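Asker: With the input below, show me the fold.
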Amino acid sequence: MRSTIFILLLMTAAVPRLVAQSYGEHIARGDSLSDVLDPAGALEEYRAAFMANPSSYEAMWKFAGAQIDVAKQLRERQYQDLRDSLYWVARIYAEAATSTDSTDAEGFFMLSQSLGRL
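Answerer: Prediction:
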């Protein structure tokens, strides 16, 4: 689990692993993984969705939310730097989401969660 979280932190520079899947398939899979409380898996799918469609408001705020969900699981003091990094990245994507669509609440909700945890 620890190595998975570290690998996920490096995800913004990674190339999507499943090029054959569409943006919508990644979002749907991320939603399913989020529903079964697998934030690390959801994070990977939302990252892939964002890479498939970088201008998608939905991918931005869901990616930010998954970052926050993973960070919430890192409660031990030894993971403080990793947790703070996840919140920082979540803030960047939430800010991008609110810049893309300033009329929807989801982006602002993710932004407030990321700022409240820094």
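
Asker: Any stretches of the chain with poor pLDDT?
Answerer: Residues of the chain meeting the criterion pLDDT under 70: 1-20, 117-118.

Asker: middle-most residue in it, spatially?
Answerer: Residue closest to the mean C-alpha point of the chain, counted by C-alpha atoms, centre = their mean, is Phe63 at 2.6 Å.

Asker: Now do the nearest residue to that one once chain neighbours are set aside against Gln80, distance only.
Answerer: Nearest residue to Phe63, sequence neighbours excluded (C-beta to C-beta, 6 or more residues apart in numbering): Tyr46, at 4.2 Å. Yep, even glycine has a C-beta here, placed from its N, CA and C like the rest. When distance is defined by C-beta to C-beta, to the nearest Å, Tyr46 is 24 Å away from Gln80.

Asker: next one: Ala28
Answerer: 34 Å.

Asker: So between those two, which is more surrounded?
Answerer: The residue with more neighbours, out of Ala28 and Gln80, is Ala28; 14 against 11, by other C-beta atoms under 10 Å.
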